[in-house]
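>>> Sequence first, predicted coordinates after that:
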Amino acid sequence: QLELQQICMSDNEATILAEALKINQTITDLSLYENQITDAGTRAIAGALKVNETITKFNFSQNHLGDEGAKTLADVLKVNKTITTLGLAMNYNIGEEGIKSLIQGLKANQTIIALQITASKIPASFKESLTTEEPRIKTNWNPDTMTPFKEEEETKR
C-alpha cells in the first residue's frame, strides 16, 4: 500500500512516480488522493497503469482531473486487467466529454467492481446509466471497506 495523499504532488512528481510504477511488482493499493495533479500528470500515471499488473485499488480523488485526463484514464480502463476499485471523487473539472470517455472505458473493462465518484459534477444520469448498464460496478463505495458510503461519509470526503 502506498498512500501519497495531501502532499501537493505536482505533475512533475507524478511523472517521476509513474516511472517507478512501471516496474512496480509489490504495491497493490495506490492513493494519490487530494494532490495537485492535472491532465499532464495524469498522462504519466496512466502510462504506468497500462503496464502495471499489481495495482488493484487506485484512488485519484480530489485532484485536478479534466476531460483530457479522464479520456486518458478511460484508455487505461480499456487495457488494465487488475484495477478493481477506482476513486475519482471530487474531480470537478471533468466535463461531458470526459464522462463519455469514462463510460466507454468502464464498458470495455471487466475488472472494475467499485467506483467512487461522489461529490463531483458527474450527473446522476451517468451514475444511473452505469448502474443499469454495468450492474457489476458499485458506485460510491468506500474502497477501504468495500461497503457503500453513508451520506455523512460522502460529504466528508
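It's in. Numbers count the residues shown, from 1 in each chain.
>>> All the helices of the protein, residue numbers only.
For the chain, the helices defined by DSSP state H occupy 11-23, 39-51, 67-79, 96-108, 124-133, 151-156.
>>> Turn the ones you listed into a markdown table, columns for mean neighbour count and distance to Thr85.
Quick note: C-beta positions are derived from backbone N, CA and C, even for glycine. Putting the helices of the chain into a markdown table (neighbours: other CB atoms under 10 Å; distance: least, CB to CB, whole Å) gives the following:
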| stretch | mean neighbour count | distance to Thr85 |
| --- | --- | --- |
| helix 11-23 | 16 | 17 |
| helix 39-51 | 21 | 13 |
| helix 67-79 | 21 | 12 |
| helix 96-108 | 18 | 13 |
| helix 124-133 | 13 | 15 |
| helix 151-156 | 11 | 16 |
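>>> lowest-confidence stretch among these?
Note on the helices of the chain: lowest mean pLDDT is at helix 151-156, with a mean of 44.
>>> just to revisit the earlier point, can you add distance to Gly87 and give the helices of the chain back as JSON lines?
As requested, those are exported to JSON lines (distance: least, CB to CB, whole Å):
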{"stretch": "helix 11-23", "distance to Gly87": "16"}
{"stretch": "helix 39-51", "distance to Gly87": "13"}
{"stretch": "helix 67-79", "distance to Gly87": "11"}
{"stretch": "helix 96-108", "distance to Gly87": "13"}
{"stretch": "helix 124-133", "distance to Gly87": "15"}
{"stretch": "helix 151-156", "distance to Gly87": "12"}
